[in-house]
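can't give you the sequence, but here's the structure:
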């Protein structure tokens, strides 16, 4: 009778050891999937924030505050913040710049709430007139739940450019 009890305890200990070995592999896999999903989610939020802010700033016309859309840097930053609301973006994380087309130098960087120094230079009556663009760069940060991972505090930068749509007359 004593012999049967010893054998029974031996099998229970074996199952416990197998479970301990498998649970570490299983938890690593689950945490990897969760952290990968969070990384993709935050990357998508930064990309969308940059894109939506550039879309907001690429329109010519006046917003509710009476400012031109492309000059209202505070509203452009707020658009980026609204899209990536869980990122807690600061003003230093959103860079707004202007140029006159691909491959040209930056002509202005918006530092305040409204930048009245930016003017549209596009003239539809002149052939090859420069097309002014807004360039919005959003910097996000991915912090892992498990602090010891090598990709903790990863920076995510996304830049979006859009041509500022000028007022055109329909003929």
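Yes, it's here. Note that the structure is predicted; figures quoted are calculated from it, not measured.

drop to CA atoms for contacts and neighbour counts, all remaining ones
Noted.

show me where the protein has helices.
Using DSSP state H, the helices assigned to the chain run over residues 2-57, 73-83.

which of those helices is buried the deepest?
Each of the helices of the chain was scored by mean neighbour count; the highest is helix 73-83, a mean of 22, by mean count of other C-alpha atoms under 10 Å.

from the chain's centre, how far out does that helix sit?
12 Å (C-alpha atoms, centre = their mean, to the nearest Å).

Repeat that for stretch 37-49.
That offset, for stretch 37-49, works out to 6 Å (C-alpha atoms, centre = their mean).

next one: stretch 52-72
20 Å.

Equivalent analysis for stretch 26-41, please.
Counting by C-alpha atoms, centre = their mean, stretch 26-41 comes out at 19 Å from the chain centroid.

what is the mean pLDDT for that stretch?
Computed over stretch 26-41, the mean pLDDT rounds to 89.

do stretch 156-166 as well
Mean predicted confidence for stretch 156-166 is 89.

Of all the helices of the chain, which one is nearest residue 141?
Closest to residue 141 of the helices of the chain is helix 2-57 (C-alpha to C-alpha; 8.0 Å).
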